[in-house]
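Asker: Sequence plus predicted model, see below.
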Protein chains: 2
Amino acid sequence: MKYLFVLLFAGLTAGAQVQKEQLNLMPWPQNVVINEGNFNLTKNFKVNITGNPNARIFGGVTRFLRRLDGRTGIFFEQGFIEKLNEVPNAELQINCTKSGKIGLYEDESYHLDITSNKITINASSDLGALHGLETLLQMLQNNSKSFYFPVSKISDFPRFTWRGLMIDVSRHFQPIDVIKRNIDALAAVKMNVFHWHLVDDQGWRIEMKKHPKFTQLASDGMYYTQEEIKNIVKYADERGILIVPEIDVPGHGSAILTAYPEIGSKVITLTGGTSEKNIQGTAIATYGIERNAGIFSPTLDPSNPKTYQLLSEVFDEVCPLFPGAYFHIGGDENEGKDWDANPKIQEFKKKHNLKTNHELQTYFTMQLAPMLKKHGKQLMGWEEILTKDLSKEAIVHSWRGPNEGMPAGQSLVDAVKKGYKTVLSNGYYIDLMYPIASHYLNDPMPKGANLTSDEKARILGGEATMWTELATPTTIDSRVWPRTAAIAERLWSAEDVVDVENMRKRLEQISFRLEELGITHIRNKDVILRNIANNQNIQSLEEFSKVSEPLKGYTRNKGGTEYQMYSPFTLFADACGPDAKDALAFDAAVNQYLANKSADNKAKVTAFFNKWITVNKDLTALSANAPLVQPILPLSKKLSDASQELLLVLDNKSTLKPPDLKSLIEQCNTKDHADVELSVYESLKKLI
Amino acid sequence: MKYLFVLLFAGLTAGAQVQKEQLNLMPWPQNVVINEGNFNLTKNFKVNITGNPNARIFGGVTRFLRRLDGRTGIFFEQGFIEKLNEVPNAELQINCTKSGKIGLYEDESYHLDITSNKITINASSDLGALHGLETLLQMLQNNSKSFYFPVSKISDFPRFTWRGLMIDVSRHFQPIDVIKRNIDALAAVKMNVFHWHLVDDQGWRIEMKKHPKFTQLASDGMYYTQEEIKNIVKYADERGILIVPEIDVPGHGSAILTAYPEIGSKVITLTGGTSEKNIQGTAIATYGIERNAGIFSPTLDPSNPKTYQLLSEVFDEVCPLFPGAYFHIGGDENEGKDWDANPKIQEFKKKHNLKTNHELQTYFTMQLAPMLKKHGKQLMGWEEILTKDLSKEAIVHSWRGPNEGMPAGQSLVDAVKKGYKTVLSNGYYIDLMYPIASHYLNDPMPKGANLTSDEKARILGGEATMWTELATPTTIDSRVWPRTAAIAERLWSAEDVVDVENMRKRLEQISFRLEELGITHIRNKDVILRNIANNQNIQSLEEFSKVSEPLKGYTRNKGGTEYQMYSPFTLFADACGPDAKDALAFDAAVNQYLANKSADNKAKVTAFFNKWITVNKDLTALSANAPLVQPILPLSKKLSDASQELLLVLDNKSTLKPPDLKSLIEQCNTKDHADVELSVYESLKKLI
């Protein structure tokens, strides 16, 4: 009785002692020790900064205070933090030895020490201190009445130096606020690289003062001004994020060639009229901004000196906007069709003894390297840039895998063995709607590749890639988050942090907290559903979205022409995401039931069936005043039909013959409706 | 039977004939005629533009297409519209006689003619055509399977030429994306003025190239660059919106004087040490950015030539950013304390024969008029600028009312009678959380004031004012919308459009559609509630928010010091709004029951009581893991207690004495909890 009383009392004052397993930290730190006791937050809570940090720490700490304020509603007295040692006796003391440099190989480690009356963050640089503040925010606990941090010691550092996210702003332009909030979210999960894919077939997105035709003709008016870019770079710097810009050449050239067709590879053959058919000439092709998705032939002419002159001038204008040391020149998916058909280019190949288009592309790439080097930039490109003549200074971005007919990550091993530094994106294509576990368990360090420690050191890290064929400013956050947080953990945490269940539990909390940074992955789902429901109750749509996942890989937008880049993507599939919420829960219920057919276990399974039958009825009712619900109905009916029969099966009352039952379940295995698939199909199958 | 079949068939093909009363148009047009038949939307739907419009029409039509796309999911083939007469046989034909000029008195009328196979918008200018497109979007109807427009003829024009919204970006800075989406929403409800309150005690928000100290010292780093301002002006122009900038002087001067204390009015008297007490001097006071809300004394010195020199230089830099013909110089709430205490200023008054501080302020104002006139700008100011010596060219912005000890809108009548043009904001203070009906029924044209037609013509219109002491970028949209749409109707539609019930019904739909423009008033409510609930189920909070309204007028943030401008405002009150949803429904149920105590009517009332009892239980359960729920519990308990007793009262089973019952209900009349009040209190009272 006395023991119980003590426990209860502790619960009322500051919550029971938090266990390490209860913490929702992500990325999981390298070392975490929890001790007894808590640090209780009060209105008087203040922060003090000492040492020699970069000034970015002041904004970082001010933002930290406001986020803690927002979560707790305490509204601390301390407002803006503007200088060193402002409040020497503050409860949170941050000390940094030196000013952090944005880039690779910087010391990002930190030590966080929470005692019952004092918190200390010690870091080599302010970059480490910013990471420490994010961890501290994730350490926040509460009981019913107050908020506190558990007494603990954390020491932490990243496993890889390149932890990035790429966003494609060409296929769907993403305004400044999308970029900013995603940079905030990257910082929150301790990522440090934002790769800005600024140019592709579907648009040129950089203001060019010397060459205004780029934006006048090839941007649809959607681009960043140079001032906006500088502001974003500053914004990223303040959050410890390096920006790597990309201008994708020589393929993916539709936008560039829309503005400057004279450097294109395509030759138009002109023939005289009926009586002058033997008189022929050539002309420059014209190009248009691409509206579809896919791989297209417009390619820069590597044999034309004007190409290099223009690119050199472009780099002269773009490089100074980005103080970072890396510049991505794309280089992917050049199919060389227009090169093959152009006699001048064929001649050029012969003259320079370039046997293949691949060699010709390396020739092209190597012309660009000095243009970038002049501005202190190292060249980076997608893995296709890798041939024998590529400079060892180039960084190879590994992306292809089975979908492209290659073993996953093969180019990564090739590259490091040949002496190149490399970054892995194969396995991190978050736009393709694959489940989180597949990304989480994809390690940049290949297993069984037998690499030397030098070779291993050349694996810089990894990068999630968000291509935007199917993502608008409204939906992009839900495609990037929360899965990118799991990738961030893969790149930061120890190699043996691989417990998927545990990751899922923590991610739930991390995902929720991203809302405070303005990330719209949760809120905008309801916006889309309200539009689909035509302002009626969205509950049945919400429920159905918990078993529906957008078609994966490249199966949505077949052939790349079903949707155009200007299609607004306000459909049911756009409200759904991978890892549909009910799939795991249903699968667990099914497994439990199959292991032990108790009444309780059966009830858990039948509850799902009954829900899905109701959802189908409700969706049908909803559709009476909501045309956008119609495409979903055939699928919800299939799930409802299967559910009804399976209820009978579980009661041994089904009269269907096995093949008919099987076909009823098989109907749930379809990609024919509303661009989504049922995530519970595999679990349904287990029941027959 | 045959008749029924026909009706059914009609329902299946294109929906039953729409009645005028079913349309959710807002502002309600001047003339609407509905005829039989529908125009059905298909993927082939295209638009063509003819005449001599401003190029803004192309973007306007492209955006129109994408919004229609998003609502219908049809995804039209037509992408970007870039020139005149692109698709001569398009189904939607837009013709404009001339290029619209942004500003007052432009012809904004349009005629919209929908037939079963063709739609025509005829307008004098593209500004009228843009209004016509908004009306067309609001005309969209649907049956269960498809979308259509009813055959109809609408001719329309605004009643007032000034239909504005002011946003204060000083007290809480509002980033570019907030401004942009609100401009889109203004255009959607046919408003035409955005008044940008850029400078106040709490911050200077304009980049100044010649005077960088303004932003270095007085903005906390939160300001718009000149390029950003130009981009916003362009953005607004493309949507037919005039921007009127405001720099508030000579009062509200804390930020200005933080940067330039030498033009302040405050004198510091210096006294020598103990033995030299008779030796005195004066010094310039120092100022700080204001963190609280209220009226503060920092005021520019009207006797100092440097004041005028600086302001002249400021206007020289700021005026060219805004092509519009109006510049707001504030002029409000100057209490003159620092003027009274400054001997030099008192001397100046005598010398210039200025008897009162009010006259001194007019002197000050009149120095500014030529600085603005030089740039082609007319001076506008809050009503305090109005004295006998004010130039007749100035526009008087009427704002004070009973809260300031004045009859509502008195200055409006004073101004027009004295020959000034005027704009009404009294009654449109949307930040104060008053119910929508109060704003809707507030007409700029005063009743019974006996004005001549010339005087009436000087009433330009009205302006909703969104002051941001208590509004952050996360919450501001919910303070502005949807109520501003009702104000828009007051300013556009005929004087006799005053049916509040009907307005509410239409507003429900308009409010929902604002989501497609990115307005966050609906989605961000859940964000705040999720934070309060600590990521638990928010349903009970949602329900309780339907009977809770933020404290009205100036009763929240008492004395202006309870919250600071950097407080994040993530509290329950910030998720609530005026016109709480259940208040009207409950009141209707109570009235119905009191008129006829049938079992059905009783059940409607008791359903609310039972709900509120459950909500209180659920909130209590929620609070076990959500400290931010605690402040709400006393209030929800009061409503639950009253509900429990009233259930007994309705069953004639209450044993409470009348005074005790009364006191139980009176407990629901409180402002003591969570900055909200119960919107159902008045209706509860009716039951005892």
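Answerer: Yep, that arrived. Residues are numbered from 1 along each chain as shown, chains lettered A, B, ... in the order given.
Asker: Show me where the stretch 101-250 of chain A has its strands.
Answerer: Taking DSSP state E, counting those that start in this stretch as the test, the strands found in the stretch 101-250 of chain A are A:110-114, A:119-125, A:141-142, A:147-156, A:162-168, A:193-200, A:203-204, A:242-249.
Asker: just the stretch 451-600 of chain A next, same as before
Answerer: Secondary structure of the stretch 451-600 of chain A (DSSP E, counting those that start in this stretch): strands at A:459-466, A:548-550.
Asker: Write out the residues of the stretch 51-200 of chain A neighbouring chain B.
Answerer: By CB under 8 Å from any CB of the partner chain, the residues of the stretch 51-200 of chain A that approach chain B are A:59, A:66, A:69-73, A:75, A:79-80, A:142-147, A:175-177. Just so you know, the C-beta spots here come from the backbone N, C-alpha and C atoms, and that holds for glycine as well.
Asker: Can I get the buried part of those as one ChimeraX selection?
Answerer: Of these, the buried ones can be selected in ChimeraX as follows, counting by 16 or more other CB atoms under 10 Å in any protein chain shown:
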select /A:59,66,69,70,71,72,73,75,79,80,142,143,144,146,147,175,176,177
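Asker: phi, psi of A:Ala283?
Answerer: Main-chain torsions, A:Ala283, degrees, to the nearest 10: phi -140, psi 160.
Asker: what sits against it?
Answerer: Taking CB atoms under 8 Å, 6 or more residues apart in numbering or on different chains, we find A:Ala283 in contact with A:267-268, A:270.
Asker: Show the pLDDT at it.
Answerer: On the pLDDT scale, A:Ala283 is placed at 84.
Asker: A:Gly336 too?
Answerer: pLDDT, A:Gly336: 89.
Asker: List the residues that contact A:Asp316.
Answerer: Contacts of A:Asp316 by CB under 8 Å, 6+ apart are A:371, A:375.
Asker: what separates it from B:Ser146, distance-wise?
Answerer: 54 Å (CB to CB, to the nearest Å).
Asker: Same question for A:Gly37.
Answerer: To B:Ser146, A:Gly37 is 65 Å away according to CB to CB.
Asker: and if you look at A:Glu645?
Answerer: 33 Å.
Asker: Over to A:Gln539?
Answerer: Distance from A:Gln539 to B:Ser146, by CB to CB: 25 Å.
Asker: now stretch A:384-396: mean pLDDT?
Answerer: For stretch A:384-396, the per-residue pLDDT averages 92.
Asker: Touching that stretch from outside, list them.
Answerer: Against stretch A:384-396 from outside (CB under 8 Å, 6+ apart): A:326, A:329, A:331-334, A:358-359, A:361-363, A:365-366, A:369, A:378-381, A:383, A:411-412, A:414-415, A:418-423, A:460.
Asker: Among those residues, which lie within strands?
Answerer: A:326, A:329, A:378-381, A:421-423, A:460 (DSSP state E).
Asker: Who wins on neighbours among these?
Answerer: Among the ones in strands among the contacts of stretch A:384-396, the one with the most neighbours (other CB atoms under 10 Å in any protein chain shown) is A:Val423, at 30 neighbours.
Asker: quick one, what contacts the closest residue to chain B within the stretch 101-250 of chain A?
Answerer: The nearest approach of the stretch 101-250 of chain A to chain B comes at A:Asp177, 4.0 Å away (CB to the nearest CB). Going by CB under 8 Å, 6+ apart, A:Asp177 touches A:518, B:175-177.
Asker: Out of the residues you listed, flag the one nearest to B:Tyr224.
Answerer: B:Ile176 (7.2 Å; CB to CB).
Asker: was I right about that closest one contacting B:Ile232?
Answerer: Yes: proximity of B:Ile176 to B:Ile232 meets the contact threshold set by CB atoms under 8 Å, at 6.8 Å.
Asker: between those two, what contacts are shared?
Answerer: B:Tyr224.
Asker: thinking again about what came up before, could you redo the strands of the stretch 101-250 of chain A as TSV and give each row distance to B:Gly203 and mean pLDDT?
Answerer: Output for these, formatted as TSV (distance: least, CB to CB, whole Å; pLDDT from 0 to 100):
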stretch	distance to B:Gly203	mean pLDDT
strand A:110-114	33	98
strand A:119-125	30	98
strand A:141-142	33	98
strand A:147-156	30	98
strand A:162-168	31	98
strand A:193-200	29	98
strand A:203-204	36	98
strand A:242-249	28	98
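Asker: Following the chain onward from the worst-scoring helix or strand of chain A on mean pLDDT, which element is next?
Answerer: None of the helices or strands of chain A scores lower by mean pLDDT, DSSP states H and E than helix A:2-14, at a mean of 42. As assigned by DSSP states H and E, the chain's next helix or strand after helix A:2-14 is strand A:31-40.
Asker: Contacts only, for A:Asn531.
Answerer: A:570, A:628, B:70-71, B:515-516 are the contacts of A:Asn531 under CB under 8 Å, 6+ apart.
Asker: Between those, which sits nearest B:Ser548?
Answerer: Using CB to CB, the contacts of A:Asn531 come closest to B:Ser548 at B:Glu515, 22.5 Å.
Asker: ok, the closest one - contacts?
Answerer: A:527, A:530-531, B:522-523.
Asker: Just the pLDDT for the residue nearest the centre of chain A.
Answerer: Closest residue to the average C-alpha location of chain A: A:Val480 at 3.8 Å, with CA atoms, centre = their mean. The model reports A:Val480 with a pLDDT of 98.
Asker: Enumerate every residue touching A:Asn557.
Answerer: A:Asn557 neighbours (CB under 8 Å, 6+ apart): A:293, A:469-470, A:563.
Asker: Looking at the residues you listed, state which has the most neighbours.
Answerer: Top of these by neighbour count (other CB under 10 Å): A:Leu470, with 26 neighbours.
Asker: my read: that one touches A:Tyr563, true?
Answerer: Yes: here A:Leu470 reaches A:Tyr563: they are 7.0 Å apart, a contact under CB under 8 Å.
Asker: OK, contacts around A:Glu82?
Answerer: When contacts are counted by CB under 8 Å, 6+ apart, A:Glu82 touches A:Phe58.
Asker: Chain B: which of the strands of the stretch 451-600 of chain A is closest?
Answerer: Of the strands of the stretch 451-600 of chain A, nearest to chain B by CB to the nearest CB is strand A:548-550, at 15.1 Å.
Asker: helices or strands next to that closest one in the packing?
Answerer: Identification of packing neighbours for strand A:548-550 by 3 or more CB pairs under 8 Å, 6 or more residues apart in numbering or on different chains; DSSP states H and E yields helix A:572-575, strand A:676-678.
Asker: All good on my end, thank you.
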